[in-house]
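> Starting from these lines, generate the structure:
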Amino acid sequence: MKNNILLYITLFTAFSFSAHCQQGKVAAADKKYDNYAYIDAIKTYEKVAEKGYKSVDMFKKLGNSYYFNAELEQAAKWYGELFAMNTTEVEPEYYFRYAQSLRSIGQNEKANELLELFNKKAGNDRRGILFMENENYLDAIKANSGRYKIEDAGINSIYSDYGTALYSNEIVFASARDTGSLGQRKHKWTNQYFTNLYASTLGEDMTPSTPHKFDSNINSKFHESTPTFTNDGKTMYFTRNNFINGKKGKDTNQITLIKIYKATLENDKWTEITELPFNSDNYSTAHPTLSPDGKTLYFASDMPGTIGLSDLFKVQINNDGSYGMPENLGITINTEGRETFPFVNDENELYFASDGHPGLGGLDVFVSTINPNGSFSKVQNVGSDINSPKDDFAYLIDTKSRRGFFTSNRDGGMGYDDIYKFLELKKIACKQLLYGEITNRDTAELLPNTKITLLDNQFNSISTTVSDDKGTYSFPVECGKKYYVRAQKPEYTVKEVPITIADENGKTYLQIALENAVCKVTIGDDLGKCFNIKMIYFDLDKSNIRKEAALDLEKILDVLNQNPTMTLDIRSHTDSRASFKYNEALSDRRAKSTIKWLVKNGVNENRLTGKGFGETQLVNKCTDGVACTEEEHQLNRRSEFIITAL
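Reported below is the predicted structural model:
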């Protein structure tokens, strides 16, 4: 995909450079590059490179110029020259861009090596984390492939044609096709004409007719693209350069960015064109799409709060026509890369384009289900029918006919970008529902109004619900993934059960039987044993609270809150490794760490005492000099909760 359709569509005034401000050909090319005139910059850089000149900065900019114009094969060539210099000046981002470029020409093994290095160098960058978590991503893409029949849409020109929206019995799309006007303007970023909206009537099997210009009130001398329409057809939202009422706005760098505009249909003409209130001259908003009920607008932006180069956001449309505050869709969807071109269908599926999630190169199309609580299911690549080594984006599907459109600059196309139509032959591979009943362990009685929490395998909370009047619950979950389900009800002991979901379509049943919390305690008892609470374990040589330990401490906290006169003596123990003195100090730190956690969560510190016993009270044979397994040593690293008053 070319960047005249990306989030970063920008408008520039032609600059003339006098001879005295040019300091050689590279300096001149740098100015073009800095002003986003990538096509002109490429010409100069390549002439200099052909004469043998090498520069880290020049190779970065040459690679970027092609990368930002989605010519990834050429980007791979110049990023390759950059890395061949064996320089230490290459930032982590170039490892990612080089990997994406290599993937576009089929060099997946080398691309994966670079992504591993990128993950090490970039720290917590979501793109690297996703790659490492999905090392077999190509197998997942293969499993999702072979689901589409794809054809040229029949409306393409030799220029850029992209992005479709359904409107009445038509599709509306953006095109940079030449109408023959001598005054038609070109974009310096891509050397392509600015785009206008065109429409085509849909015939049998959603086959478009000959395109015609959409509406003279909407189309301007700058970019228009990616419209979306309300169900009644009377309101549209669309993307345009920062241009309204004959005036263009600019940011602090004198660049005209893009904004989302709204228009109303009156007497078969689109009027009252206004920009949305969350637009700004200093960041871009683009590619709007409406939820099926018309109450939520999804869009792409690099506004403050963006995780990467561009993120997906949503904003509530109120009944009075006003708007809420834009919300970032979060890290399940957004990465440090580009997320753009959202589309939401009436099956609560969000389709979008991204180069941050593991794909085949460039932008790929991904899908995620919107859960009832507004969270998102695991993002899936839709497969190698829709996706290619190049840029693939602007996916749209009619769920009744399973027909739709997408845009790609893949090899074999007619122009700069092309629109393809498709028939989906079967839905994406795997969906699962976790469901079950909550019962009384002793009587088998169903337990309604039980709080149920779904946690991932790192004990992070994903979703919460309450069992219904029949004691049943359900969660949409991801295939092949491990979860924990926690059930909590007053007068019952909290219970957590692990469950691994099958790696196929279907449902997974999990019944949870709760035990009545009828334990009688007296002074001197260990509260952990009485209430079936595991001991609080610590990592070797550490005194920080582990995630699973915090979950058990929440149970202790719950008991203390229900028994406000209860006091505890917290006793911490170590294994026999390290010196006696060191272990005594370590266990004391652990006791204090446990007390600190409880106090931080609301327990009066006067109710808690604590002491470290080091290695003086081992529970097994693992004294100094005795060979023991790590699991046996772990049993000695523990905390106890002795009741000292009731």
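> Where do the domain boundaries of the chain fall?
19-141, 432-514, 527-645 (automatic domain parsing).
> could these be laid out in CSV, adding mean neighbour count and distance to Ile331?
Glycine gets a C-beta too; all of them are placed from N, C-alpha and C. Formatted as CSV, the domains of the chain follow (neighbours: other C-beta atoms under 10 Å; distance: least, C-beta to C-beta, whole Å):
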stretch, mean neighbour count, distance to Ile331
domain 19-141, 18, 6
domain 432-514, 16, 12
domain 527-645, 17, 18
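> Can you name the residues that contact the closest residue to Thr500 other than its chain neighbours?
The shortest distance from Thr500 to any non-neighbouring residue, by C-beta to C-beta, 6 or more residues apart in numbering, is to Lys482 (4.7 Å). Taking C-beta atoms under 8 Å, 6 or more residues apart in numbering as the criterion, Lys482 is in contact with Asp456, Asn457, Pro498, Ile499, Thr500, Ile501.
> Glu491 now?
Contacts of Glu491 were listed using C-beta under 8 Å, 6+ apart, and they are Asn516, Ala517.
> residue boundaries of the strands in the stretch 501-646 of the chain?
Here the stretch 501-646 of the chain has its strands, by DSSP state E, counting those that start in this stretch, at 506-509, 512-514, 567-573, 608-612, 638-645.
> out of these, which comes closest to Ser175?
The closest of these to Ser175 is strand 506-509. By C-beta to C-beta, the value is 44.0 Å.
> who does that closest one pair up with?
In the sheet, strand 506-509 lines up against strand 432-440 (parallel) (DSSP bridges).
> which residues of the stretch 501-646 of the chain fall in helices?
For the stretch 501-646 of the chain, the helices defined by DSSP state H, counting those that start in this stretch cover 527-530, 547-562, 580-600, 630-636.
> what does the stretch 1-150 of the chain give?
In order along the chain, the stretch 1-150 of the chain carries the following helices (DSSP H, counting those that start in this stretch): 24-34, 38-50, 56-67, 72-84, 92-104, 108-122, 126-133, 137-143.
> could I get these as JSON lines with distance to Ala176 and mean pLDDT?
Output for these, formatted as JSON lines (distance: least, C-beta to C-beta, whole Å; pLDDT from 0 to 100):
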{"stretch": "helix 24-34", "distance to Ala176": "21", "mean pLDDT": "62"}
{"stretch": "helix 38-50", "distance to Ala176": "14", "mean pLDDT": "75"}
{"stretch": "helix 56-67", "distance to Ala176": "19", "mean pLDDT": "84"}
{"stretch": "helix 72-84", "distance to Ala176": "20", "mean pLDDT": "87"}
{"stretch": "helix 92-104", "distance to Ala176": "22", "mean pLDDT": "86"}
{"stretch": "helix 108-122", "distance to Ala176": "31", "mean pLDDT": "86"}
{"stretch": "helix 126-133", "distance to Ala176": "30", "mean pLDDT": "82"}
{"stretch": "helix 137-143", "distance to Ala176": "31", "mean pLDDT": "81"}
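> Just name the closest of the contacts of Lys482 to Val599, please.
Using C-beta to C-beta, Asp456 comes nearest to Val599 of those, at 28.2 Å.
> ok, that closest one - contacts?
Ile462, Lys481, Lys482, Tyr483, Tyr484.
> cool, and Thr340?
Thr340 touches Leu6, Leu7, Ala286, His287, Ala300, Ser310, Leu312, Phe352, Ala353, Ser354, Leu363, Phe393, counting by C-beta under 8 Å, 6+ apart.
> How much space separates the residue nearest to Thr500 from Phe459?
Computed as C-beta to C-beta, to the nearest Å, the Lys482 to Phe459 distance reads 11 Å.
> now the contacts of Thr340 as JSON lines including neighbour count?
JSON lines is the format used below for the contacts of Thr340 (neighbours: other C-beta atoms under 10 Å):
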{"residue": "Leu6", "neighbour count": "28"}
{"residue": "Leu7", "neighbour count": "26"}
{"residue": "Ala286", "neighbour count": "26"}
{"residue": "His287", "neighbour count": "32"}
{"residue": "Ala300", "neighbour count": "30"}
{"residue": "Ser310", "neighbour count": "27"}
{"residue": "Leu312", "neighbour count": "26"}
{"residue": "Phe352", "neighbour count": "29"}
{"residue": "Ala353", "neighbour count": "30"}
{"residue": "Ser354", "neighbour count": "27"}
{"residue": "Leu363", "neighbour count": "31"}
{"residue": "Phe393", "neighbour count": "31"}
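> Cross these against strands and list the overlap.
In strands, judged by DSSP state E, the following of these are found: Ala286, His287, Ala300, Leu312, Phe352, Ala353, Ser354, Phe393.
> quick one: the second one and Leu297 touch, right?
No - assessed by C-beta atoms under 8 Å, His287 is found out of contact with Leu297, at 10.7 Å.
> Nearest to Asp469, out of the helices of the stretch 501-646 of the chain?
Of the helices of the stretch 501-646 of the chain, the one closest to Asp469 (C-beta to C-beta) turns out to be helix 547-562, at 25.1 Å.
> where are the low-confidence patches of the stretch 401-550 of the chain?
Across the stretch 401-550 of the chain, the ranges flagged by pLDDT under 70 are 429, 503-505, 518-520, 530-535, 537-541, 543.
> likewise the stretch 151-300 of the chain?
In the stretch 151-300 of the chain (pLDDT under 70), the answer is 178-193, 242-254, 256.
> Just the strands from it, written as ranges.
With strands called from DSSP E, counting those that start in this stretch, the stretch 151-300 of the chain shows them at 161-167, 170-175, 186-187, 192-193, 196-201, 212-213, 224-229, 235-241, 243-244, 247-248, 258-266, 269-275, 285-290, 296-301.
> Need those in JSON lines (columns: distance to Ser593).
As requested, the strands of the stretch 151-300 of the chain are arranged in JSON lines below (distance: least, C-beta to C-beta, whole Å):
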{"stretch": "strand 161-167", "distance to Ser593": "55"}
{"stretch": "strand 170-175", "distance to Ser593": "59"}
{"stretch": "strand 186-187", "distance to Ser593": "59"}
{"stretch": "strand 192-193", "distance to Ser593": "61"}
{"stretch": "strand 196-201", "distance to Ser593": "62"}
{"stretch": "strand 212-213", "distance to Ser593": "69"}
{"stretch": "strand 224-229", "distance to Ser593": "53"}
{"stretch": "strand 235-241", "distance to Ser593": "53"}
{"stretch": "strand 243-244", "distance to Ser593": "59"}
{"stretch": "strand 247-248", "distance to Ser593": "59"}
{"stretch": "strand 258-266", "distance to Ser593": "50"}
{"stretch": "strand 269-275", "distance to Ser593": "53"}
{"stretch": "strand 285-290", "distance to Ser593": "46"}
{"stretch": "strand 296-301", "distance to Ser593": "42"}
